[in-house]
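>>> coords below, sequence missing:
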């Protein structure tokens, strides 16, 4: 269980989840979010997807609603910035982050990793740190062709039920991605198994994150 010094287990959290594309958050930290919402009933979630257009917008909306069903207070923000062009749409994305920074005060932020080679993911990560300078930020990982996975320094052990629910959720709510060669339960389970080995998770399953700054 992820323990936060500001709030003991059982107390309410405000989570800010940031993703460039419709399935990024679910892939990177879906299991951790499920577990946090069970451990901290009544928590609030602000969920932001920056590129969710046409059918992918519907997938993002339905997926977020299902994953956050245990959170009584949610705000789902779906934008339609052009996929693959974030660095060239930077001004509009920067404005969105500035607006977020003035409106929310989260206890924990999930965002893309510094190591991620996808240009959209990288910009989201950079603007997260630019906007939220005094917050606990965990950077999640997204497996893909680029081969940019690194060595996480924060782990969240998952029980078997939560890990299975994460993989099942992704396949159920993102049918448009099923034809991608890497988008499979085997991929998601393999990465969770590897991270589970690295942190000696009791179930052998975990999600890994990168934390650049933490105050204990």
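Here it is on my side, so go on. Note that the structure is a prediction, hence the values are computed from the model and not measured.
>>> low-confidence ranges in the chain?
Counting by pLDDT under 70, the chain shows low-confidence ranges at 1-10.
>>> name the residue closest to the centre of it, please.
By CA atoms, centre = their mean, the chain has its centre lying nearest to residue 25, at 3.1 Å.
>>> please report the distance of that one from residue 16.
11 Å (CB to CB, to the nearest Å). The way it works is simple: take the backbone N, C-alpha and C, and place the C-beta from them, glycine included.
>>> shared neighbours, these two?
Counting by CB atoms under 8 Å, 6 or more residues apart in numbering, the common neighbours of residue 25 and residue 16 are residue 110.
>>> in three-state terms, label residue 170 for me.
helix (DSSP: H, G, I helix; E, B strand; the rest coil).
>>> what's the neighbour count on the residue nearest to residue 13 when sequence neighbours are not counted?
Counting by CB to CB, 6 or more residues apart in numbering, residue 13 lies nearest to residue 43, which is 4.3 Å off, once chain neighbours are set aside. As a burial measure, residue 43 scores 24 neighbours (other CB atoms under 10 Å).
>>> what residues are up against residue 43?
12-15, 36-37, 71, 73.
>>> go with 7 Å
Residues in contact with residue 43, defined by CB atoms under 7 Å, 6 or more residues apart in numbering, are 12-13, 15, 36-37, 71.
>>> doesn't the residue nearest to the centre of the chain fall inside a helix?
Yes. Per three-state DSSP, residue 25 lies within a helix segment.
>>> pull the distance from stretch 127-140 to the chain's centre.
13 Å (CA atoms, centre = their mean, to the nearest Å).
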